[in-house]
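Engineer: Below: sequence and its predicted model.
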Amino acid sequence: MKKIGAIIILLISINSIGQNLIECGIDNNPKLTQAESEFLSEYMNYEQRKNYNLTDKKVIFVTGNSAQQFGTKSEYFDQIKAWNENGNKIATWIVELNENERKISEGYDVIITYWVKSLTKKRKKKIINEIKASR
């Protein structure tokens, strides 16, 4: 009986995660919506997100082996959707920006990496300066 209850709860939670994903990445506004924030809180484990609350955060999306390429919010969620169809997850991490980095980047709160093997401090600084230069 306990197994049946656990299976039902699992199926309900999988369905709600899928519904949240449909509402994610529908625009490229760098500020995450409530649905996007809630989805990522469920999608990422504690180590990936460090219990960071993403609600209303302005996000930079970065991809490539050494974080050399900017992505968009819609590209990021398209990657998640594609991999999710096969029951897989993408490699993704949250890198919080400190107060000075937020100021330099004109208000970005975090970098979300996907398919990045390593993000060095030097590359992080370069990303922040590239954002400033593009404004």
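Structural biologist: On my side now, so go ahead.
Engineer: tell me the phi and psi of N84?
Structural biologist: Dihedral angles of N84 (phi, psi; degrees, to the nearest 10) stand at phi -70, psi -30.
Engineer: Just confirm it contacts L21, I think it does.
Structural biologist: Yes - taking C-beta atoms under 8 Å as the definition, N84 is a contact partner of L21 at 6.5 Å. Bear in mind the C-beta positions are built from the backbone N, C-alpha and C, glycine included.
Engineer: mind checking the SS state of F70?
Structural biologist: What DSSP: H, G, I helix; E, B strand; the rest coil gives for F70 is strand.
Engineer: One more: T55?
Structural biologist: coil.
Engineer: To what extent is the nearest residue to it once chain neighbours are set aside buried, counted in neighbours?
Structural biologist: Closest residue to T55 apart from its sequence neighbours, by C-beta to C-beta, 6 or more residues apart in numbering: S37 at 4.4 Å. S37 is flanked by 18 other residues according to other C-beta atoms under 10 Å.
Engineer: what distance separates the strand or helix carrying S37 from the centre of its chain?
Structural biologist: In this structure, S37 is located in helix 34-43 according to DSSP states H and E. In this view, helix 34-43 has its centroid 9 Å away from the chain centroid, taken as C-alpha atoms, centre = their mean, to the nearest Å.
Engineer: Stretch 34-44 now?
Structural biologist: 8 Å.
Engineer: repeat for stretch 71-89
Structural biologist: Once both centres are worked out by C-alpha atoms, centre = their mean, stretch 71-89 turns out to sit 10 Å from its chain's centre.
Engineer: Buried residues, that stretch. List them.
Structural biologist: If you call a residue buried by 16 or more other C-beta atoms under 10 Å, then stretch 71-89 has these buried ones: G71, K73, Y76, F77, Q79, I80, N84.
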